[in-house]
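Asker: Dropping a prediction and its sequence here:
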Amino acid sequence: MDTDYKYEPKNGLTRWLDSRLPLMRFTSEHVLQFPTPKNLNYFWTFGFILTMCLVTQIITGIILAMHYAPSTLLAFDSVEHIMRNVNYGWLIRYIHSNGASMFFLAVFIHMFRGLYYGSYKEPREVIWILGCIIYLLMIVTAFMGYVLPWGQMSFWGATVIINLVGTLPLIGESLTQMLLGGFAVDNPTLNRFFSLHYLLPFIIFGVVLLHIWALHVPGNNNPVGLSVQGKQDTVAFHPYYTVKDFFAYTVFLLLFCYFIFYNPNALGHADNYIEADAMVTPAHIVPEWYLLPFYAILRAVPDKLAGVLLMFGAIAVLFFLPWLDTAKVRSGRYRPIFRYFYVLFVIDCLILGYLGAQVPEGIYLFLSRVTTIYYFAFFLLVLPILGRIEKMKPMPIGISNSELSRDMVAAE
Amino acid sequence: MLKLIKIKSLILIFSVFFVLSNEAYSAGSEAYDLIKPGFSFEGPTGTYDRAQLRRGYQVYREVCASCHSMKQLAFRNLNQKGGPEYTEEDAKLFASEYTVIDGFDDYGDPVERTRILSDRFPNPYDSKEAAKASNNGAYPPDLSLITKARSGGYNYIYSLLQGYGKEIPEGIEISDTLSYNPWFPGNGIAMYQPLYEESVEYEDGTFASIEQMSADVTAFLAWSAEPEMEERKRLGFIVMSFLIIFVLLMFFTTTRLWKDVH
């Protein structure tokens, strides 16, 4: 992106450093002065919030790992040791466990924002795909993390999910054994999950850097969806967005801290405070809330393999979104019909989440089939067809120019 | 004889299992809502009632402890802030009522000594198997985390303890070795009625009704599951107060900064 903002080293030291490692130049051009559309709304603050979530999880996780013992004999008690005997151990663990939920809450808002404003469309396809990879890694990491306290849900959740992998043709059996380290969820499983749960966040961190790098090539999308046409459309990232993002983050922290201090177990399952027991199966095996929509899709079909494929497909379809949506106009603001389908899709995902926690019988099973069909229909039918037939609303000429234009091409 | 016990307990485990799994697919069998008496530790500023925790510990010690372990608790916890807050001497005295095997002497014989503050609560059974054998094949769960480990939390425990002696409604069959309890999933619980009027004689003179004892021991168990609760809420108040002010400052900063951007 062409920009008038340039970094000038001010003194001898920074000039010396600039010709050797242009760290200050990089910071100046990509953080401080980075030209950002001035019309971003608060849905755009979740990128920063998510970065803070990741850092929080890594820091608290490293501290937890200092006290945690990844052994089936010790894991449950070592978590209680953290809760009871480690100084502020309860605080660190509650930040980490609720932090996972907050992380997913933020990522869902972030993704739904991208979906509404068409942030995945040309030229931002790679940003979106990297985001999908991050989301996939988050799911795997969170799943493995949930196993570590070695409660009943940890154990049985792991058993159910790994069994699903086993239904895959050809690779299923060997992949299952590789995940388990044996023939059932046991000590080797716990050990490798701990190892991977420690590793994956750093891989996520790496992909986040790529995500931001890819973002900094075309720059941010914005609520109008039009490309930046010049200096009049942007402000410097600092202080405008550093301050605005941080304000949004403090509001986010209010909710986060409510859970940590006043309702720390509301988002978890009571059964996970019972130590894992291979002889006793819980009445209902349910994953954490943020995986419930996928769990509902999994159980919506009678065939196990088909369920597994649909569940993975529900995430896989996201990767193809940039090419499934045929509309040239990015922002949902100017797509009158798309908006209805979009709202319906958000509701659909919420219902899927609710259904994931219910026993798949009767009306629940029926509803989960309907909602699963709509989930896929939204991506595979609505978006490809709608883009071709929808009549767009008049758009402004530019980000700073609210004059309307019926000619979409001219606006671009 | 041993074989007979084994077979009996196997049958029992299966029947409990059967009842439990039956329950899982007959949603709506919980005819009774949980009794919610309103505890002192509820709400954002609620704290434990020390006298209640002490009475609750007495109920645990004299009634529950004969079958249920509390392996996460050490005697020093009885003395720590935010709990029953017994004096150090009292906590030591409680500990000294029990012994523990602590290593071996020079001849390889186990050394038995009285418990001290740093020791955990004793387990009434040497093994899970022994516990099952003495309880008709049902394992009395460890109570350290029980209020966090059951949906319904402390209100569930409180209700369960008072759920005995009720008439079995028609259509529900309870095996001879189980007791009917409307709050227990499946309604057939292996634990016999634990509390009767004046099961304990309270040191502070409180009348030991079943309700009173249920409430007291529930409060004790709630503390045991969340011994950090008072500190958590105290810290939470400070953090939230700070955050609210900080949010306001950030709000004003943001609006001021963005005032001239159009």
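Answerer: Arrived safely, thanks for sending. Numbers count the residues shown, from 1 in each chain, chains lettered A, B, ... in the order given.
Asker: Run a quick neighbour tally on the residue nearest to residue A:291 when sequence neighbours are not counted.
Answerer: Distances taken as C-beta to C-beta, 6 or more residues apart in numbering or on different chains place residue A:139 nearest to residue A:291, at 6.8 Å, with adjacent residues excluded. Heads up, the C-betas are built off the backbone N, CA and C, glycines and all. Residues within reach of residue A:139, counting by other C-beta atoms under 10 Å in any protein chain shown, total 18.
Asker: does residue A:139 really touch residue A:288, like I thought?
Answerer: No. Using C-beta atoms under 8 Å, residue A:139 is not in contact with residue A:288, being 10.0 Å away.
Asker: got the residue ranges for the helices in the stretch 1-150 of chain B?
Answerer: For the stretch 1-150 of chain B, the helices defined by DSSP state H, counting those that start in this stretch cover B:2-24, B:50-62, B:88-96, B:128-134.
Asker: Close to chain B: what parts of the stretch 51-200 of chain A are there?
Answerer: For the stretch 51-200 of chain A, the contact set with chain B under C-beta under 8 Å from any C-beta of the partner chain comprises A:77, A:80, A:83, A:84, A:90, A:91, A:94.
Asker: and the residue nearest to the spatial centre of chain A, what element?
Answerer: For chain A, the residue nearest the mean C-alpha position is residue A:107 (3.5 Å; C-alpha atoms, centre = their mean). In this assignment (DSSP states H and E), residue A:107 forms part of helix A:89-117.
Asker: returning to that earlier point: which helices and strands sit right next to the helix or strand hosting the residue nearest to residue A:291?
Answerer: Following DSSP H and E, one finds residue A:139 within helix A:125-147. Helix A:125-147 sits against helix A:89-117, helix A:152-166, helix A:187-215, helix A:304-319, helix A:321-324, with contacts defined as 3 or more C-beta pairs under 8 Å, 6 or more residues apart in numbering or on different chains; DSSP states H and E.
Asker: Now do the buried residues in the second one.
Answerer: To tie it back to what came earlier, the one meant is helix A:152-166. If you call a residue buried by 16 or more other C-beta atoms under 10 Å in any protein chain shown, then helix A:152-166 has these buried ones: A:152-159, A:161-162, A:164-166.
Asker: same thing with the fourth one?
Answerer: Applying a neighbour-count criterion of 16+ other C-beta under 10 Å, the buried positions in helix A:304-319 are A:307, A:308, A:309, A:310, A:311, A:312, A:313, A:314, A:317, A:318, A:319.
Asker: Tell me which two of the residues of the stretch 51-200 of chain A next to chain B sit farthest apart.
Answerer: Across those, no pair lies farther apart than A:77 and A:91, at 19.3 Å, counting by C-beta to C-beta.
Asker: if you count what's nearby, which of these two comes out ahead?
Answerer: Between residue A:77 and residue A:91, counting by other C-beta under 10 Å, residue A:91 is the more crowded of the two (21 against 17).
Asker: can you pull the pLDDT of the closest residue to residue B:116 other than its chain neighbours?
Answerer: Distances taken as C-beta to C-beta, 6+ apart place residue B:95 nearest to residue B:116, at 5.5 Å, with adjacent residues excluded. Residue B:95 is assigned a predicted lDDT (pLDDT) of 97.
Asker: Contacts only, for residue B:95.
Answerer: Contact partners of residue B:95, counting by C-beta atoms under 8 Å, 6 or more residues apart in numbering or on different chains, are B:75, B:114, B:115, B:116, B:117, B:119.
Asker: mind checking how far it is from residue B:53?
Answerer: 17 Å (C-beta to C-beta, to the nearest Å).
Asker: Next: residue A:254.
Answerer: 32 Å.
Asker: If you count surrounding residues, which of the two has more?
Answerer: Set residue A:254 next to residue B:53 and count neighbours by other C-beta under 10 Å: residue B:53 wins out with 26 against 14.
Asker: So that one sits against residue B:82, correct?
Answerer: No. Counting by C-beta under 8 Å, residue B:53 sits too far from residue B:82 to count as a contact (9.8 Å).
Asker: Tell me the residues that contact both of those two, please.
Answerer: The contact sets of residue B:53 and residue B:82 overlap at residue B:223 (C-beta under 8 Å, 6+ apart).
Asker: all strands of chain B, in order?
Answerer: Ranges of strands within chain B are B:99-104, B:110-114, B:179-180, B:188-189, based on DSSP state E.
Asker: mind listing what's buried in stretch A:318-327?
Answerer: Buried residues in stretch A:318-327 (16+ other C-beta under 10 Å): A:318, A:319, A:321, A:322, A:324, A:325, A:327.
Asker: rewinding a little: tell me the one of the buried residues of helix A:304-319 nearest chain B?
Answerer: residue A:307 (19.7 Å; C-beta to the nearest C-beta).
Asker: near chain B, which residues of the stretch 301-412 of chain A show up?
Answerer: Proximity of the stretch 301-412 of chain A to chain B, by C-beta under 8 Å from any C-beta, involves residues A:359, A:400.
Asker: For the stretch 301-412 of chain A, just list every one of the strands.
Answerer: In the stretch 301-412 of chain A, the strands defined using DSSP state E, counting those that start in this stretch lie at A:395-396, A:404-405.
Asker: Taking the stretch 101-250 of chain B, what residue is nearest to chain A?
Answerer: Of all residues in the stretch 101-250 of chain B, residue B:236 sits closest to chain A, at 2.7 Å by C-beta to the nearest C-beta.
Asker: contacting residues for that residue?
Answerer: By C-beta under 8 Å, 6+ apart, the residues touching residue B:236 are A:257, A:260, A:261, A:262, B:44.
Asker: per-residue pLDDT, it?
Answerer: Looking at residue B:236, its pLDDT is 98.
Asker: Next one: it relative to residue A:90, how far apart?
Answerer: Distance from residue B:236 to residue A:90, counting by C-beta to C-beta: 12 Å.
Asker: And for residue A:176?
Answerer: Distance from residue A:176 to residue A:90, counting by C-beta to C-beta: 36 Å.
Asker: more neighbours, the two?
Answerer: Set residue A:176 next to residue A:90 and count neighbours by other C-beta under 10 Å: residue A:90 wins out with 22 against 17.
Asker: Wait, residue A:322 touches residue A:121, no?
Answerer: Yes. Judged on C-beta under 8 Å, residue A:322 makes contact with residue A:121 at a distance of 6.2 Å.
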